[in-house]
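[1] give me a 3D structure for the following:
(chains A and B)
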Protein chains: 2
Amino acid sequence: MNKVTLQPIGIIHTPYKTDENAPRQAANSHDMGEVVVNPELAEGLEGIEKFQYLILIFNFHLAPVPEKPKVLSWQDGVKRGVFATRSPHRPNPLGLSVVKLLRREGTHLFVEGVDMLDGTPLLDIKPYYSDLDCVEKW
Amino acid sequence: MNKVTLQPIGIIHTPYKTDENAPRQAANSHDMGEVVVNPELAEGLEGIEKFQYLILIFNFHLAPVPEKPKVLSWQDGVKRGVFATRSPHRPNPLGLSVVKLLRREGTHLFVEGVDMLDGTPLLDIKPYYSDLDCVEKW
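    This is a model prediction of the structure:
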């Protein structure tokens, strides 16, 4: 199958410079982050203020891809298939976090609940909908 | 920023050959799909059976990228910034759906609630956790 080439749409600034001091998963974080979208995509943010939560898809840019698709899960320390974990060490290093949108200033989104490293390349922003994204609300 | 190049990890088979007959969002679908993971990544699926729901990240491979990052929202017909919508016509054509895992047979995952087109390139599979992915459960 053809490769998929993506150009980051922006960058995510967070308090975390190294993996050791980053929280495990956005749901466990109340730290503030700043999402800076590339100026040429400014129009793409119109109307985003009405959403309370956003889904960020980003690149685990510092996570080496493992040779074998098995990793130690941080949740229980058991080695299992990477697709049964949320490890950053994935064949395609894509990260997914739901964050709370506090405010927008132009192309800068101020968000709460970040868990990614400072300088993380942002690939997509989607509005979070309870009735689509939370199976308990289906 | 550097481009991010991804190699699909598999393919998603669904009943939908064209955009017109596909449902809007996985939460609105009870149709069955089959996720076929590349054989060299088979080990990556070990332990996945214990999860009831999976997050699929995929490539909207047939959705043209819009010239301007504004689209008509199917929900209310209002033109707004693409990052405030779930439109497939995004600068980076990444799709996100939560599906129900019915069973696994080797590298084949049989799932319920698909909304993507047949033949969609799969980029990642993550286990769904209520306490991470559903803000109402935080």
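[2] could you list every residue that touches A:A42?
    When contacts are counted by C-beta atoms under 8 Å, 6 or more residues apart in numbering or on different chains, A:A42 touches A:106-107. From N, CA and C alone the C-beta is placed, and that goes for glycine too.
[3] now do the SS call for it.
    Following DSSP: H, G, I helix; E, B strand; the rest coil, A:A42 is assigned to helix.
[4] check it and give its pLDDT.
    Looking at A:A42, its pLDDT is 98.
[5] quick one: secondary structure of A:L132?
    A:L132 carries the three-state label helix when classified by three-state DSSP.
[6] A:H61 too?
    Using three-state DSSP, the structure places A:H61 in coil.
[7] quick check: the gap between it and chain B.
    8 Å (C-beta to the nearest C-beta, to the nearest Å).
[8] likewise A:W74?
    12 Å.
[9] so that residue touches A:R24, yeah?
    Yes - with contact defined as C-beta atoms under 8 Å, A:W74 counts as touching A:R24 (5.7 Å).
[10] can you give me the strands in chain A?
    Here chain A has its strands, by DSSP state E, at A:4-6, A:10-13, A:32-37, A:53-59, A:70-72, A:79-81, A:94-105, A:108-112, A:120-127.
[11] include mean neighbour count, mean pLDDT and distance to chain B when you put the ones you listed into CSV, please.
    Listed next are the strands of chain A as CSV, based on neighbours: other C-beta atoms under 10 Å in any protein chain shown; pLDDT from 0 to 100; distance: least, C-beta to the nearest C-beta, whole Å:
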stretch, mean neighbour count, mean pLDDT, distance to chain B
strand A:4-6, 17, 97, 4
strand A:10-13, 22, 98, 7
strand A:32-37, 20, 98, 8
strand A:53-59, 22, 98, 5
strand A:70-72, 17, 88, 5
strand A:79-81, 18, 92, 4
strand A:94-105, 19, 97, 5
strand A:108-112, 19, 98, 9
strand A:120-127, 24, 98, 4
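[12] got these as a markdown table, with distance to A:G47 columns?
    Formatted as a markdown table, the strands of chain A follow (distance: least, C-beta to C-beta, whole Å):
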| stretch | distance to A:G47 |
| --- | --- |
| strand A:4-6 | 23 |
| strand A:10-13 | 17 |
| strand A:32-37 | 14 |
| strand A:53-59 | 12 |
| strand A:70-72 | 38 |
| strand A:79-81 | 39 |
| strand A:94-105 | 10 |
| strand A:108-112 | 13 |
| strand A:120-127 | 9 |
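[13] B:T85: which of those strands is closest?
    Closest approach to B:T85 among the strands of chain A is made by strand A:120-127 (7.0 Å; C-beta to C-beta).
[14] could you list the paired strands of that closest one along with their orientation?
    Its sheet considered, strand A:120-127 pairs with strand A:10-13 (antiparallel), strand A:53-59 (antiparallel) by DSSP bridges.
[15] excluding chain neighbours, what is closest to A:P91?
    Nearest residue to A:P91, sequence neighbours excluded (C-beta to C-beta, 6 or more residues apart in numbering or on different chains): B:I9, at 5.4 Å.
[16] ok, now how distant is A:G81 from B:L102?
    Distance of A:G81 to B:L102, computed by C-beta to C-beta, to the nearest Å: 18 Å.
[17] to B:G113, which of the strands paired with strand A:120-127 lies closest?
    Of the strands paired with strand A:120-127, nearest to B:G113 by C-beta to C-beta is strand A:53-59, at 17.7 Å.
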